[in-house]
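1. dropping a prediction and its sequence here:
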Amino acid sequence: MEDAVEEVSRVLSRGFVFTVDYGGAALELAGDLRPRGTRRTFARHDVGDDAFSEIGERDITAHVDFTRLARLGQARELIPLVYARQGAYFLAAGERVLRTAVEEADEEERPRVAKQIQQLVHPHAFGGAFQVLIQGKNAGGVTLSGSQVSRVQRLFLENEKTAPFDFGRRLFGGSLFDGRPGDPVQDFSFEVPVEKLGAVGALGGSHHQGFPG
C-alpha cells in the first residue's frame, strides 16, 4: 500500500484520489469487533475464512484499512477530504444520476437497473460493505459533492468502539431501507417521498449472498 500511495502522490501534482473498496477505519477492523481479522476467501459467491481450503480455487483478500491509507496519504500531501459508506455517499452525491439511470432505462430493463442500483446503495449490500475515501492534493477551496455525509474524523479515532452506521437514519432522520435485499418492495420504509428518488425509491429485491463483510 505504501508504494502505491507514494507513486500516486509522485505523479499527481494537483487533483483528487478517489478510492472505493470494502474495509473500514482501523477501529472497525481490529480488536473485539473482528477477533479473527478480516481475511476472507471467495469462490462461486461463497465466503469463507480458511485460506488453506480449495487452494488455487478461491480468491484470498482482506479488508482495506482506510485509516492507514489516509495516514500514508497525509504524509505525502494527500489530504483526506471525504470518508463515507458507499451507499450514503452515492445518494448524497449522485441521487439525480441514479434516478435518471432508472427513469431513462427501457421499460422492460427498468427493474433490472433498479436492482443493480439497490445493490450499490443498500446498507446490507455494497452500500454498507464498501467505503469511499477522497483525498486531495493542492486542491484547496473546492467543495466536493457528497461531503455532507463525510465521516473523516472516524478514521483517526483511537478509543471508541464503533457501532454499525445506519446511513438511512443518520442521513434522513429515519430508515431509508428497513428491509434487506430480497424483501418485498412494500417492506421498505421511506422517510423521504418516493418521488424524490424516482424509480430508485421503488427498488425490488436483490440477491446478496457473498457480499464481503
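-> Now that the structure is in, tell me what you want to look at.

2. counting neighbours, which bits of stretch 137-146 end up buried?
-> By 16 or more other CB atoms under 10 Å, the buried positions in stretch 137-146 come out as K137, A139, L144, G146. Where you see a C-beta, it was placed from the backbone N, CA and C, and this is true even at glycine.

3. shaky segments in the chain?
-> Along the chain, the parts satisfying pLDDT under 70 run over 31, 33, 159-213.

4. mind naming the longest helix for it?
-> Identified as the longest helix of the chain according to DSSP state H is helix 86-103.

5. G136 is in what secondary structure piece?
-> In the assignment (DSSP states H and E), G136 maps to strand 130-137.

6. nearest residue to V5 in space, please, no chain neighbours.
-> Spatial nearest neighbour of V5, chain neighbours left out: L72 (4.4 Å); criterion: CB to CB, 6 or more residues apart in numbering.

7. any idea how far L133 is from the one you found?
-> For L72, the distance to L133 equals 11 Å [CB to CB, to the nearest Å].

8. alpha carbons of stretch 142-161, as PDB, please.
-> What follows is stretch 142-161 as a C-alpha-only set of coordinates in PDB (Å, rounded to 0.1, in the frame of the first residue of the first chain):
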ATOM      1  CA  VAL A 142     -13.100  23.100  -3.700                       C
ATOM      2  CA  THR A 143     -16.400  21.800  -2.200                       C
ATOM      3  CA  LEU A 144     -17.000  18.200  -3.100                       C
ATOM      4  CA  SER A 145     -20.400  16.800  -3.800                       C
ATOM      5  CA  GLY A 146     -21.400  14.300  -1.100                       C
ATOM      6  CA  SER A 147     -19.200  15.900   1.600                       C
ATOM      7  CA  GLN A 148     -22.200  16.400   3.900                       C
ATOM      8  CA  VAL A 149     -22.100  12.700   4.800                       C
ATOM      9  CA  SER A 150     -18.300  12.600   5.300                       C
ATOM     10  CA  ARG A 151     -17.000  10.900   8.500                       C
ATOM     11  CA  VAL A 152     -13.300  11.700   8.100                       C
ATOM     12  CA  GLN A 153     -12.900  12.100  11.800                       C
ATOM     13  CA  ARG A 154     -13.800   8.400  12.300                       C
ATOM     14  CA  LEU A 155     -10.600   7.400  10.500                       C
ATOM     15  CA  PHE A 156      -8.500   8.800  13.400                       C
ATOM     16  CA  LEU A 157     -10.400   7.700  16.500                       C
ATOM     17  CA  GLU A 158      -8.300   5.700  18.900                       C
ATOM     18  CA  ASN A 159     -10.500   4.700  21.800                       C
ATOM     19  CA  GLU A 160     -14.100   4.400  20.600                       C
ATOM     20  CA  LYS A 161     -15.700   1.000  19.800                       C
END
